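> Pasted the sequence and its predicted model underneath.
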Protein chains: 2
Amino acid sequence: MTTTAEPRITPRRQATRDRVLAAASEVFAERGFHGASVEDICDRAGFTRGAFYSNFTSKDDLVVELSRRHSEALVDRIRRASEREHASAEEVLRDVLAALADDSRSKERWLVLTTEFTLHAIRDADARRAWAAQQRRVRDELVLVVDEALAGQGLTLPIPTELFVRAAIALAHGSMTQRLVEPRSLSVGELERTVLPILLGVGA
Amino acid sequence: MTTTAEPRITPRRQATRDRVLAAASEVFAERGFHGASVEDICDRAGFTRGAFYSNFTSKDDLVVELSRRHSEALVDRIRRASEREHASAEEVLRDVLAALADDSRSKERWLVLTTEFTLHAIRDADARRAWAAQQRRVRDELVLVVDEALAGQGLTLPIPTELFVRAAIALAHGSMTQRLVEPRSLSVGELERTVLPILLGVGA
């Protein structure tokens, strides 16, 4: 179960993949990961199962590819914030925290889907291997961009960057999950805004 | 959907409740929250559905009651650690972190069950109300015991205790989830042991 993305992908193939992924996001949100079938997703996208399987190996593969796109967008956002000229560490951090704390409906859906997929991965060895590899890729990319941002500011972390990134991921997931269950008990991004600056030794 | 625990519960009734809850834990672990029926749980416990419903209102009610017992045990463990005479802040923290980082099979099962129930609560308004109330009770109890422990050590937190408790919960859940997907990538309790002392301003 590896993603079928190829080094050189034609625009037409890319458009097909985009449509399938957009349809999958909708169907997953409506019926849950387990409730959504490949057939449902094909119907929504207006493709045959043949077209689906020439682009993706499985339903699991869709989630891994969606995760790749989500993390690319997050890494881009952090990199843009950290490359702003003359921005202080506080300004960069505020910008990055705003990116993490994006509380749109699509981010909520994404949290629910990744939580469902994580439960699936805990029970299914193939999904677990694919999901573990994807989590590692996301962390590796985040470690790289956080290290770049720290170097740009002349800052050093009191803990290994990888553990900082793991903590940031746990806090962002935990905070959004707590908000989905108890919407009024915590404001958007409050937990990350409170805790991460202390770990960085920077006022936010 | 409130728990049916009564102020004065007879030993016999308590024994029935204990057996149903033990059976429920097993069946939830084997079939998942959604896969387990009240009938499965009654069969496992050797009780009739009548006996079940004279003790619990629903399957949801079982998870709330299991959560109540889990959090009572955690609060007791933290209180015992913090009440040890002549223990330094570092020793108390090490003991509390050991309690949080308990990585037994039963704790893994509990994480999976609470994650499934959280997804259920996000989609079901009754479950969400009950789960939100239970999460609030757990946090309130943890805030109380953390404040007692801090006062005993003459320490003050740089952030509100409630946010510290939320962060600790998010880190403990996130760390165990990351370990369930990628067992060898993080040692038990490593994330909590690294991050929480920084928030407390104490070496662990």
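Sure thing, it's come through. Residues are numbered from 1 along each chain as shown, chains lettered A, B, ... in the order given.

> Show me which residues of the least confident helix or strand in chain A by mean pLDDT are buried.
Within chain A, confidence by mean pLDDT, DSSP states H and E is lowest for helix A:89-100 among all helices and strands, at a mean of 80. Neighbour counts over helix A:89-100 (16 or more other CB atoms under 10 Å in any protein chain shown) mark A:89, A:92, A:93, A:94, A:95, A:96, A:97, A:99, A:100 as buried. Where you see a C-beta, it was placed from the backbone N, CA and C, and this is true even at glycine.

> Closest to residue A:81 out of those?
residue A:95 (3.7 Å; CB to CB).

> ok, now which ones touch the closest one?
Residue A:95 makes contacts with A:81, A:84, A:87, as judged by CB atoms under 8 Å, 6 or more residues apart in numbering or on different chains.

> What is the nearest of those residues to residue B:46?
Closest to residue B:46, out of all of these and judged by CB to CB, is residue A:81, at 59.9 Å.

> and the gap between the residue nearest to the closest one when sequence neighbours are not counted and chain B?
Beyond its immediate neighbours in the sequence, the residue positioned closest to residue A:81 (CB to CB, 6 or more residues apart in numbering or on different chains) is residue A:95, lying 3.7 Å away. From residue A:95 across to chain B, the span is 21 Å (CB to the nearest CB, to the nearest Å).

> Get me the contact residues on chain A for chain B.
Where proximity means CB under 8 Å from any CB of the partner chain, the interface of chain A facing chain B comprises A:32, A:112, A:115-116, A:118-119, A:121-122, A:128, A:131-132, A:135-136, A:158-160, A:163, A:166-167, A:169-171, A:173-175, A:177-178, A:180-182, A:185-186, A:190-191, A:194-195, A:198-199.

> try 7 Å
Among all residues of chain A, those adjacent to chain B (criterion: CB under 7 Å from any CB of the partner chain) are A:112, A:115-116, A:118-119, A:121-122, A:128, A:131-132, A:135-136, A:158-159, A:163, A:166-167, A:169-171, A:173-175, A:177-178, A:180-182, A:186, A:191, A:194-195, A:198-199.

> Need the worst-confidence member of the contacts of residue A:95.
When the contacts of residue A:95 are sorted by pLDDT, the bottom entry is residue A:87 at 79.

> Under a three-state scheme, what state does that residue occupy?
Look at residue A:87: counting by DSSP: H, G, I helix; E, B strand; the rest coil, its state is coil.

> Compare the contacts of residue A:95 and tell me which is most surrounded.
With neighbours taken as other CB atoms under 10 Å in any protein chain shown, the top of the contacts of residue A:95 is residue A:81, carrying 20 neighbours.

> Tell me the buried residues in the one helix or strand it maps to?
For residue A:81, the enclosing helix or strand under DSSP states H and E is helix A:59-82. Applying a neighbour-count criterion of 16+ other CB under 10 Å, one finds A:59-68, A:70-71, A:74-75, A:77-78, A:81-82 buried in helix A:59-82.

> any residues touching that helix, and which ones?
Helix A:59-82 is touched from outside by A:1, A:3-4, A:21, A:24-25, A:38, A:56, A:92, A:95-96, A:99, A:110, A:113-114, A:117, A:127, A:130, A:134, A:138, A:141-142, A:145, A:148-149, A:152, with contacts defined as CB atoms under 7 Å, 6 or more residues apart in numbering or on different chains.

> and what of stretch A:154-161?
Outside of stretch A:154-161, the residues within contact range by CB under 7 Å, 6+ apart are A:89, A:143, A:146, A:147, A:150, A:164, A:199, A:200, A:201, B:194, B:198.

> quick one: buried residues of it?
Taking 16+ other CB under 10 Å as the criterion, stretch A:154-161 shows A:159, A:161 as buried.

> same check, this time on stretch A:29-46
Of the residues in stretch A:29-46, those buried by neighbour count under the rule 16+ other CB under 10 Å are A:29, A:33, A:36, A:38, A:40, A:41, A:42, A:44, A:45.
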